[in-house]
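Visitor: Okay, sequence plus prediction incoming.
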Amino acid sequence: MPELPEVEVLARHLQPLLPGKTIRGVQVCRAKVIQPDDAEAFCRALIGAKFTSLTRRGKYLLFQLHRPRSRVPFTLFGHLGMTGRMYLAPKTSALPKHAAVVLNLGRDNFIYEDTRYFGRLTLDPNAVADLGPEPLSADFQAAPFARALRRSGQAIKVKLLDQSLVAGIGNIYASEALFRARIPPRLAARRLTAAQVKKLRTAIRAVLTEAVRCGSTLPLNFGGTAGGLFYFGRAAGAPDYYEERLVVYDRAGRPCPRCGRPIRRIIQAARSTFYCPRCQRNAS
DNA sequence: CACCATGTTCCTTG
DNA sequence: CCAAGGAACATGGT
């Protein structure tokens, strides 16, 4: 469940739990999730290292580590793909069915599980090299954003998924931001007016900020047979606060909260886009 | 069986 | 060389 807000909430959750913990063992259950695909080297690099901090960049988690005696830090980069989860669990509890990598931290295990194994763990800083600005930081400035959009003929919805434009927007928040800015998803990026670009930038920040705030106030539940960590309403039986906050995503046929017309679903670049055909028209 | 899924990368085509 | 579109990756839910 990973777009910027989900990764941010996860980072805030794990941040106080990791610093000071030492990696005593590494179990690579599925070699394809580590990069490069060399479990031996990966384990050698991590065993004995100690966590110092955890931050986020786009949809990546940045685990800051150092070896004992060495002040030279290094970073483990984590990406959750579509279905990745990371959490601490007592070493006594059974590993989940789709465990990908398990770090032995002493009393607890750090578990990275991923049903579809689209996520990654890597020590290669290139993972993060081509990311655009952080949308919630001051680095996300209007002028460069506008310039980048002017250079692209791609539909704006598709362009928002380009992580080198802005980091962290995924398929859900691309639709949500465009609805909020009242911009039609198929409009070519270069056709946005200056006013629309400005509105879009504001909408992106608002939508992501709200999602983080919403996620941060939820109780973080461990447990269940999956041993998973749930916050955003995907857990069966868990309250669905998060889904309720989405205005257009996955709501085809249901009324637009603004005008009441049915929300429409279209396919762009092989992914679903949701929008209101009335509120998101040209020249708005 | 068919279709869908929060992401990224690679291949083909123009 | 670039842009755009689609398939592939792997598994599960409806």
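Guide: Looks like it came in fine. Residues are numbered from 1 along each chain as shown, chains lettered A, B, ... in the order given.
Visitor: For the closest residue to A:Gly253 other than its chain neighbours, which residues count as its bridge partners?
Guide: Distances taken as Cβ to Cβ, 6 or more residues apart in numbering put A:Pro262 closest to A:Gly253, at 5.2 Å, once the chain neighbours are dropped. Heads up, the C-betas are built off the backbone N, CA and C, glycines and all. Following DSSP bridges, A:Pro262 is listed with bridge partners A:Pro255.
Visitor: show me the contacts for the residue of the stretch 51-200 of chain A found nearest DNA strand B.
Guide: Using Cβ to the nearest atom of the strand, A:Gly170 is the residue of the stretch 51-200 of chain A that sits closest to DNA strand B, at 1.9 Å. For A:Gly170, the contacting residues are A:Pro2, A:Glu3, A:Leu4, A:Lys59, A:Leu161, by Cβ atoms under 8 Å, 6 or more residues apart in numbering.
Visitor: Let's see if you can find the most crowded of these.
Guide: The residue in the contacts of A:Gly170 with the most neighbours, by other Cβ atoms under 10 Å, is A:Leu4 (25 neighbours).
Visitor: For that one, give me the pLDDT.
Guide: Listed pLDDT for A:Leu4 reads 96.
Visitor: neighbours of the nearest residue to it once chain neighbours are set aside, just the number please.
Guide: Nearest residue to A:Leu4, sequence neighbours excluded (Cβ to Cβ, 6+ apart): A:Gly168, at 3.0 Å. A count of neighbours around A:Gly168, defined by other Cβ under 10 Å, yields 26.
Visitor: quick one, what contacts the residue nearest to A:Gly253?
Guide: A:Ala252, A:Gly253, A:Arg254, A:Pro255, A:Cys256.
Visitor: Double-check the second one against A:Arg261; I have them as touching.
Guide: No: in this structure, A:Gly253 is not within contact of A:Arg261 by Cβ atoms under 8 Å, at 10.6 Å.
Visitor: Those two - which one has more neighbours?
Guide: Between A:Gly253 and A:Arg261, counting by other Cβ under 10 Å, A:Arg261 is the more crowded of the two (12 against 8).
Visitor: Tell me who's in contact with the more buried one.
Guide: Contacts of A:Arg261 were listed using Cβ under 8 Å, 6+ apart, and they are A:Pro255, A:Cys276, A:Pro277, A:Arg278, A:Cys279.
Visitor: List buried residues within these.
Guide: Burial by neighbour count, 16 or more other Cβ atoms under 10 Å: within those this picks out A:Cys276, A:Cys279.
Visitor: From the contacts of A:Arg261, pick the one nearest A:Asp114.
Guide: Of all the contacts of A:Arg261, A:Cys276 has the smallest distance to A:Asp114: 33.9 Å, by Cβ to Cβ.
Visitor: What about A:Gln27, how many residues nearby?
Guide: Here the number of neighbours of A:Gln27 (other Cβ under 10 Å) works out to 15.
Visitor: tell me the contacts of it?
Guide: Taking Cβ under 8 Å, 6+ apart, we find A:Gln27 in contact with A:Ala99, A:Val101, A:Val102, A:Leu103, A:Asn104.
Visitor: mind checking how far the helix or strand where it lies is from the chain centre?
Guide: Secondary structure assigned from DSSP states H and E places A:Gln27 in strand A:25-28. Distance of strand A:25-28 from its chain centroid, counting by Cα atoms, centre = their mean, to the nearest Å, is 24 Å.
Visitor: Let's test this: mean pLDDT of it, rounded?
Guide: Summarised as a single mean, pLDDT over strand A:25-28 is 98.
Visitor: Spell out which residues of the stretch 1-150 of chain A are next to DNA strand B.
Guide: Within the stretch 1-150 of chain A, the positions near DNA strand B by Cβ under 7 Å from any atom of the strand are A:1-3, A:6, A:58-59, A:79, A:81-83, A:116, A:118, A:127.
Visitor: mind giving me CSV with those and columns for secondary structure and distance to A:Arg69?
Guide: Formatted as CSV, these follow (DSSP: H, G, I helix; E, B strand; the rest coil; distance: Cβ to Cβ, whole Å):
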residue, secondary structure, distance to A:Arg69
A:Met1, coil, 38
A:Pro2, coil, 35
A:Glu3, coil, 39
A:Glu6, helix, 36
A:Gly58, coil, 32
A:Lys59, coil, 33
A:His79, strand, 30
A:Gly81, coil, 35
A:Met82, coil, 39
A:Thr83, coil, 38
A:Arg116, coil, 39
A:Phe118, coil, 37
A:Ala127, helix, 27
